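Colleague: pasting a predicted model and its sequence here:
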Amino acid sequence: MSELSKGLQHLQQRIRQTALTAHSNPDAVQIIAVSKLQSLEKLQAAYDLGIRHFGENYLQEAIGKITRLKNYPITWHFIGKIQSNKTRQIAEHFSWCHTLDQLKIAQRLNDQRPLYLTPLQVCIQVNIDNEPQKAGATVEETETLALSIQAFSNLQLRGLMCIPQAEASPTETQTSFYRLRKLLNQLQKHPQLQTLDTLSMGMSADLELAVAEGATFVRIGTALFGERHP
Ligand SMILES: *Cc1c(COP(=O)(O)O)cnc(C)c1O
């Protein structure tokens, strides 16, 4: 069995075990294989093992891969920092964007989404731990931003995403995931936001904590592909 195949099995086991312990449905958790700085061969190998969701951070690199794999039925997720002069490439090449945190960017993505594609599926990135340098909307501004995004016809708001503080204890990290879930539940009470169904949270090191708190997407790089090679 290949390293990748072992990695994937182990990952699926971690998700399954955690979901069962938390009395939730393991099948409700979708793996996004984070393939930034990984070779095209590794992506193809992951595809051959059944992976259909891939996440990329760097546009130039991502578009190269998307173009070369254009005949594969892959769902591409943009999970990197959004520069406002690069929104068109996101709008044209991706199915999902997880890192939306400003109205101005939402407006651009909406205007630039080609009409022959289905609406861009978006998550609001929330700066859940209020870190000074971190991207993301504040908890306080998320509802207003969510309602504005719902008004755009070429975007479909699906939920929330976060990256908790790096130097936190497991308990603190789990609390951050819990707070993101509570925020989603709060938004879902609003008549216009009832259809939100996505929590994009959990990476290689903390996926159990995220799954225990109801993650629907986990974004996994190194636990699947091994170390990245910049
Ligand atoms: C790189 C990255 C990941 C994957 O991180 P790993 O620790 O390798 O699993 C997940 N989410 C985002 C936003 C990333 O930038």
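Modeller: That came in fine, so what should we check first? Numbers count the residues shown, from 1 in each chain.
Colleague: hey, let's count contacts and neighbours off CA atoms from now on
Modeller: Will do.
Colleague: for the chain, what lies in contact range of the ligand?
Modeller: Listed as neighbours of the ligand in the chain under the rule Cα under 6 Å from any ligand atom: V34, I79, G80, M203, S204, A205, R219, I220, G221, T222, A223.
Colleague: those into JSON lines, with extra columns for neighbour count?
Modeller: Shown next, in JSON lines, are those (neighbours: other Cα atoms under 10 Å):
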{"residue": "V34", "neighbour count": "27"}
{"residue": "I79", "neighbour count": "22"}
{"residue": "G80", "neighbour count": "16"}
{"residue": "M203", "neighbour count": "21"}
{"residue": "S204", "neighbour count": "15"}
{"residue": "A205", "neighbour count": "12"}
{"residue": "R219", "neighbour count": "23"}
{"residue": "I220", "neighbour count": "23"}
{"residue": "G221", "neighbour count": "23"}
{"residue": "T222", "neighbour count": "17"}
{"residue": "A223", "neighbour count": "17"}
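Colleague: which pLDDT value belongs to the closest residue to Q150 other than its chain neighbours?
Modeller: Closest residue to Q150 apart from its sequence neighbours, by Cα to Cα, 6 or more residues apart in numbering: L157 at 6.2 Å. You'll see L157 listed with a pLDDT of 98.
Colleague: can you give me the strands in the protein?
Modeller: 30-34, 53-56, 75-78, 96-100, 120-125, 155-161, 198-200, 217-220 (DSSP state E).
Colleague: wait, R14 touches L209, no?
Modeller: No. With contacts counted by Cα atoms under 8 Å, R14 stays clear of L209, the gap being 10.8 Å.
Colleague: okay, the two: which has more neighbours?
Modeller: L209 (22 against 15; other Cα atoms under 10 Å).
Colleague: so what's the more buried one up against?
Modeller: Shown in contact with L209 (Cα atoms under 8 Å, 6 or more residues apart in numbering): P170, T173, Q174, F177, G202.
Colleague: now it: how far from the ligand?
Modeller: Using Cα to the nearest ligand atom, to the nearest Å, L209 is found at 13 Å from the ligand.
Colleague: kindly report the same for G7.
Modeller: 12 Å.
Colleague: also Q83?
Modeller: 15 Å.
Colleague: how many neighbouring residues does the residue nearest to Q150 have?
Modeller: L157: 28 neighbours (other Cα under 10 Å).
Colleague: who are the contact partners of it?
Modeller: Q121, V122, C123, I124, A146, I149, Q150, L196.
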